[in-house]
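S.K.: here are the coordinates; sequence isn't available:
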Ligand SMILES: [Zn+2]
């Protein structure tokens, strides 16, 4: 299931504001049109139209039910908080459910790694 948390307005350091749609999970089996967004690296990305600054602002779960692949994609800037994130209760429950369905659960930091994994998984 694809889950959108909300749409938030974020301020850039340059003073410009942009709206960002925050996805909690992206299911490319149910919503194949989202795969294009994933491959363009724009899921949960704050992109400033004024100064060009861009960064991922929220972790999301990429889920391909056909390939039984689930990937947690963490933002690179929060990589240091790995321990606290891995103790997240919601994540544990989601993992148990995915495991019971025989899903391969991976973790990546940054969307470049996510795309590499998706591409490699196809081959
Ligand atoms: Zn800016």
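M.R.: Nice, I can see it. None of the values given here were measured: they were computed from a predicted structure.
S.K.: tell me which residues in stretch 50-60 are buried?
M.R.: 56, 58, 59, 60 (16 or more other C-beta atoms under 10 Å). Every C-beta, even on glycine, is put in place using the N, C-alpha and C of the backbone.
S.K.: take those residues and lay them out in JSON lines including pLDDT.
M.R.: Listed next are the buried residues of stretch 50-60 as JSON lines, based on pLDDT from 0 to 100:
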{"residue": "56", "pLDDT": "92"}
{"residue": "58", "pLDDT": "88"}
{"residue": "59", "pLDDT": "89"}
{"residue": "60", "pLDDT": "92"}
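S.K.: out of those residues, which is nearest to residue 95?
M.R.: The shortest gap between residue 95 and any of those belongs to residue 59, at 13.4 Å (C-beta to C-beta).
S.K.: how near is that closest one to the ion?
M.R.: 22 Å (C-beta to the ion, to the nearest Å).
S.K.: number of nearby residues for residue 68?
M.R.: Residues near residue 68, counting by other C-beta atoms under 10 Å, number 13.
S.K.: same question, residue 3
M.R.: 12.
S.K.: quick check: beta-bridge partners of it?
M.R.: Taking DSSP bridges as the rule, residue 3 bridges to residue 25.
S.K.: confidence score at it?
M.R.: On pLDDT, residue 3 comes in at 86.
S.K.: in a markdown table, list the buried residues of stretch 50-60 along with secondary structure.
M.R.: Below are the buried residues of stretch 50-60 laid out as a markdown table (DSSP: H, G, I helix; E, B strand; the rest coil):
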| residue | secondary structure |
| --- | --- |
| 56 | strand |
| 58 | coil |
| 59 | coil |
| 60 | strand |
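S.K.: ok, now how distant is the spatially most central residue of the chain from residue 49?
M.R.: Closest to where the C-alpha atoms of the chain average out (C-alpha atoms, centre = their mean) is residue 60, at 3.0 Å. Going from residue 60 to residue 49 by C-beta to C-beta, to the nearest Å gives 22 Å.
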